[in-house]
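Chemist: Sequence isn't available, so here's the structure alone:
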């Protein structure tokens, strides 16, 4: 394990990304408080992003729309536009790579970079060049804050210390000084549950956390990640083990008018096909299929075997079997608020030994060929022209194109 003697990493965190992109793309919003919500004209939902002007008025991410409007009566609410955010994401990647290679895409609005010697010598000049590129390629309303540090964890912490549109440099010789001004829950990796564990162990502030020992944090985390967290906090360069994707899935909070069983089925079916398409693009097979359904006062979950498949017919058949079980278990007039589907227990085709002459296997090969043919047609025209059954988008669109913290959608997810 190596302890760098200077800054080696940059972490670029875009400020109020969704709302800022909306502001840049739509001149009528510029300079005004803007909140982004999941659905158009929805009153009983929350603000999923707020721009700088809205935040100054007290609007926060996750705040209920009525509360946000009370704090900021002139708040302009706009529905989310995930495809717009993905295009902006790709534009800023190209802009940044003109100045520095991107080492890791951490989320749609956060990236990490390794510094070359020129950047190490003058991080302020690099910051000016990056921000100039962003203004030229995206416009002045999309800004970022940049943190420089010996490792990615500290650079991420630094990027959040001077928002918006700031720069923070944490050199090895500075430690632990800049960290001691932070609260424990300002640190990535310390959520509400971990905060309770730390407090229970007598750790109430950053000084106490910094003065722990690696094995102590390993015990509190319950795994090696706690030990890695300690070393990263103390300026060591930590190389995380590569991770393999464990599942492909989609979730959706249903708009009020789609919370009956029939409409929820249409949404679940569409999400299932989109997840199966992603599985095929990755050239993977799934052994299991899961369905999770949330109602106001109850939940239901089920799992079934897929038998190493990635075609639409197998995925829909699995969903249908679970859906019938779900319908039998919940009240007939139940209102489904949220649903999630997933294909998991993944394997590459060359790692699976199958009985090629089993009747079910021959049938599966036929459906895989049909799904592949539909994929090629849809890819040729960059839209869903051919699907297995009706293709009905729920209100608000973007089913399967939701932007998650850990995944930036492919453009195919919006077809």
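Modeler: The structure has been received and is ready for your questions. It should be emphasised that the depicted structure is a prediction, and the values quoted were computed from it without experimental measurement.

Chemist: C-alpha from now on. contacts and neighbour counts both.
Modeler: Noted.

Chemist: Would you mind listing the buried residues in stretch 160-178?
Modeler: Of the residues in stretch 160-178, those buried under the neighbour-count criterion (16 or more other CA atoms under 10 Å) are 160, 161, 163, 164, 166, 167, 168, 169, 170, 171, 172, 176.

Chemist: Just give me the closest of these to residue 206.
Modeler: residue 176 (9.1 Å; CA to CA).

Chemist: What pLDDT is listed against that closest one?
Modeler: According to the model's per-residue confidence, residue 176 sits at a pLDDT of 95.

Chemist: Can you read off the pLDDT for residue 88?
Modeler: On the pLDDT scale, residue 88 gets 92.

Chemist: Please name the residues that touch it.
Modeler: Under the criterion of CA atoms under 8 Å, 6 or more residues apart in numbering, the contact partners of residue 88 comprise 21, 138.

Chemist: again, 10 Å this time
Modeler: Counting by CA atoms under 10 Å, 6 or more residues apart in numbering, residue 88 touches 17, 18, 21, 25, 82, 94, 108, 109, 137, 138, 142.

Chemist: where's it relative to residue 143, distance?
Modeler: Computed as CA to CA, to the nearest Å, the residue 88 to residue 143 distance reads 12 Å.

Chemist: what do the two both touch?
Modeler: Listed as contacting both residue 88 and residue 143 by CA under 10 Å, 6+ apart are 17, 21.

Chemist: show me where this structure has helices.
Modeler: For the chain, the helices identified by DSSP state H occupy 17-25, 52-56, 65-71, 82-97, 117-121, 123-137, 152-159, 192-200, 206-210, 214-221, 224-233, 261-281, 312-329, 359-381, in order along the chain.

Chemist: tilt between the fourth one and helix 17-25?
Modeler: Here helix 82-97 runs at an angle of 90 degrees relative to helix 17-25 (axes from the mean of the first three to the mean of the last three CA atoms, to 10 degrees).

Chemist: shaky segments in this protein?
Modeler: Counting by pLDDT under 70, the chain has low-confidence residues at 42-43, 240-244, 352-362, 397-407, 409, 411, 414-415.

Chemist: Just list the residues touching the residue lying closest to residue 342 once chain neighbours are set aside, thanks.
Modeler: Nearest residue to residue 342, sequence neighbours excluded (CA to CA, 6 or more residues apart in numbering): residue 249, at 3.9 Å. Under the criterion of CA under 10 Å, 6+ apart, the contact list for residue 249 reads 271-272, 274-276, 278-279, 289-291, 340-344, 400.

Chemist: and which of the residues you listed is nearest to residue 245?
Modeler: Distances from residue 245 to the contacts of residue 249, taken by CA to CA, are shortest for residue 344, at 9.1 Å.

Chemist: partner residues bridging the closest one?
Modeler: Partner residues in beta bridges with residue 344: residue 247, residue 288, with DSSP bridges as the criterion.

Chemist: Quick check: the spatially closest residue to residue 338 that is not a sequence neighbour vs residue 225, distance?
Modeler: Taking CA to CA, 6+ apart as the measure, residue 338 lies nearest to residue 253, with 4.3 Å between them; neighbours along the chain are not counted. Distance of residue 253 to residue 225, computed by CA to CA: 32 Å.

Chemist: Next up, the contacts around residue 118.
Modeler: In this structure, residue 118 makes contact with 125, 126, judged by CA under 10 Å, 6+ apart.

Chemist: ok, now residue 114?
Modeler: Shown here is residue 114, whose contacts under the criterion CA under 10 Å, 6+ apart are 7-11, 100-104, 120, 148, 150-152.

Chemist: got it, and residue 367?
Modeler: Residue 367 makes contacts with 309, 310, 311, 312, 313, 314, 361, 373, as judged by CA under 10 Å, 6+ apart.

Chemist: Tell me if I'm right that the first one and residue 366 touch.
Modeler: Read it as residue 309. No. Between residue 309 and residue 366 no contact is recorded; they are 11.6 Å apart, counting by CA atoms under 10 Å.

Chemist: Between the two, tell me which one has more neighbours.
Modeler: residue 309 (27 against 13; other CA atoms under 10 Å).

Chemist: ok, of the contacts of residue 88, which come out buried?
Modeler: The neighbour-count test (16+ other CA under 10 Å) marks 17, 18, 21, 25, 82, 94, 108, 109, 138, 142 as buried among the contacts of residue 88.

Chemist: wait, what's in contact with the fourth one?
Modeler: Residue 25 is in contact with 19, 84, 88, 138, 139, 141, 142, counting by CA under 10 Å, 6+ apart.

Chemist: Include distance to residue 59 when you put those residues into TSV, please.
Modeler: As requested, the contacts of residue 25 are arranged in TSV below (distance: CA to CA, whole Å):
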residue	distance to residue 59
19	12
84	23
88	24
138	25
139	24
141	18
142	19
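
Chemist: wait, which of these is closest to residue 62?
Modeler: residue 19 (13.4 Å).
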